[in-house]
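*Asks:* whatever this is, show me its structure:
(one chain, ligands or ions: 1)
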Amino acid sequence: MKRLLSGETKVVGVFGFPVRHSLSPAMHNAAFQDLGLDFVYVPFNVHPDNLEAAVQGVRALQLVGVNVTIPHKESVIRFLDWVSPEAQQISSVNTIHNSEGLLKGYSTDGQGFIESLGPMAAEICGKKSVVLGAGGSARAIVHALAIRGSEVTVANRTLSRAIEMVETLSKLLGNRSIRAVQIESKEAREAVAEANLLVNCTSVGMFPHIEEQPIPSEWLHKDLLVYDLIYNPIETRLLQAAREIGCKIMNGVLMLVHQGAISFRIWTGLEPPIKVMEEAVLAGLQRMP
Ligand code: NAP
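*Replies:* Model (predicted):
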């Protein structure tokens, strides 16, 4: 169904570089349409050199807000008027809200991850988890798990990067329950054996390298929930192996939907139609290579 934009239409969007493959426009526009809201979500390809000007543009053009994605999540912080404590702790903003000219920054990745677990969150938080990777998404997820009392092992290819993340978060949270190990190590294998949650926050297994797997299948056991943040392909090699062993599995679609749902609430104050957003993401993925 075609919709008309008018002088009343409220504008939100995403700043990324590149941004053309983002599924967020389809997801949010489907939600706006479903609720009959006069909002539109626009992808903006923002070169890093133009980030400050683009952020000033949010105010100048009276956008309601924007999502911020790679490579701007950290560098955008210095251009904002206020940043939530969580976003400060993980040095990452993925949602800006223009609150009467005041630009507020939030990170919805960690909370989106937890919400995507649904009722399983209660069983999982407070126990032992292994997070593979030490990049931006790992930081958000380790933070979300640690503040909920989980014992988290961060396993990364570059050990120094994992150590740096663990030291920073441990200091900020006054928390000793996070540790760093090398991904190809006995310690990592033992941590997986004792865990009830394994989260892949590396890009290993993502299209076009779909034959790759971040850890060997033999490390998995059926008491694990194996969560892969990757959504292209929908079922990575890691998830395929985990399913065959009898693990519960989740791909990255629901995290994408739930982090977007929190942005939606921040901008509109309304409850988003989660199922509609999920269907829009799945339809968008079918159009991808
Ligand atoms: P990032 O900051 O670039 O971090 C990438 C991580 O992958 C690093 O820990 C890196 O290890 C590791 N890595 C890359 N290539 C590797 C290899 N060949 N072998 C072992 N480790 C390797 O990326 P990110 O933003 O955290 O994103 C990570 C993944 O999550 C991506 O696939 C992204 O699409 C997905 N993601 C999904 C969602 C969602 O909503 N579903 C949200 C965010 C991200 P080193 O430190 O050693 O380089």
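*Asks:* write out the residues of the stretch 151-289 of the chain neighbouring the ligand.
*Replies:* 156-158, 161, 201-204, 206, 214, 229-231, 252, 255-256, 259 (Cβ under 6 Å from any ligand atom). All C-beta spots, glycine's among them, are computed from the backbone N, C-alpha and C.
*Asks:* again, only using 5 Å
*Replies:* The stretch 151-289 of the chain comes close to the ligand at residues 156-158, 161, 202-204, 206, 229-230, 252, 255-256, as judged by Cβ under 5 Å from any ligand atom.
*Asks:* just the ones in helices from these, please.
*Replies:* R161, M255, L256 (DSSP state H).
*Asks:* can you pull the contacts of the first one?
*Replies:* The neighbourhood of R161, defined by Cβ atoms under 8 Å, 6 or more residues apart in numbering, consists of A134, G135.
*Asks:* at 10 Å instead, please
*Replies:* Applying Cβ atoms under 10 Å, 6 or more residues apart in numbering, we find R161 in contact with G133, A134, G135, A138, V154, A180.
*Asks:* how much space is there between the last one and the ligand?
*Replies:* As judged by Cβ to the nearest ligand atom, to the nearest Å, A180 and the ligand stand 11 Å apart.
*Asks:* same check, this time on the fourth one
*Replies:* A138 is 6 Å from the ligand, where distance means Cβ to the nearest ligand atom.
*Asks:* so who does that residue touch?
*Replies:* 90, 131-132, 152, 154-156, 161-162, 165, 199-202, 229.
*Asks:* just give me the neighbour total for V199.
*Replies:* Look at V199: counted by other Cβ atoms under 10 Å, it has 25 neighbours.
*Asks:* which helices and strands does the host helix or strand of it pack with?
*Replies:* When elements are defined using DSSP states H and E, V199 is found to belong to strand 197-200. Secondary-structure packing of strand 197-200 (3 or more Cβ pairs under 10 Å, 6 or more residues apart in numbering; DSSP states H and E): helix 120-124, strand 128-132, helix 136-146, strand 151-156, strand 225-228, helix 237-245.
*Asks:* mind putting those into a markdown table with mean pLDDT and distance to K275?
*Replies:* Converted to a markdown table, those look like this (pLDDT from 0 to 100; distance: least, Cβ to Cβ, whole Å):
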| stretch | mean pLDDT | distance to K275 |
| --- | --- | --- |
| helix 120-124 | 94 | 18 |
| strand 128-132 | 98 | 27 |
| helix 136-146 | 96 | 23 |
| strand 151-156 | 98 | 31 |
| strand 225-228 | 98 | 20 |
| helix 237-245 | 98 | 22 |
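*Asks:* tally of neighbours for L220?
*Replies:* For L220, using other Cβ under 10 Å, the count is 21.
*Asks:* does it touch V226 like I think?
*Replies:* Yes. Between L220 and V226 there is a contact under Cβ atoms under 10 Å: 6.7 Å.
*Asks:* tell me, what's touching these two both at once?
*Replies:* With Cβ under 10 Å, 6+ apart as the test, L220 and V226 both reach V192, L198, L238, A241, A242, R243, I245, C247.
*Asks:* got the phi/psi numbers for the last one?
*Replies:* Yep, that's C247 we're talking about. phi -80, psi 160 (degrees, to the nearest 10).
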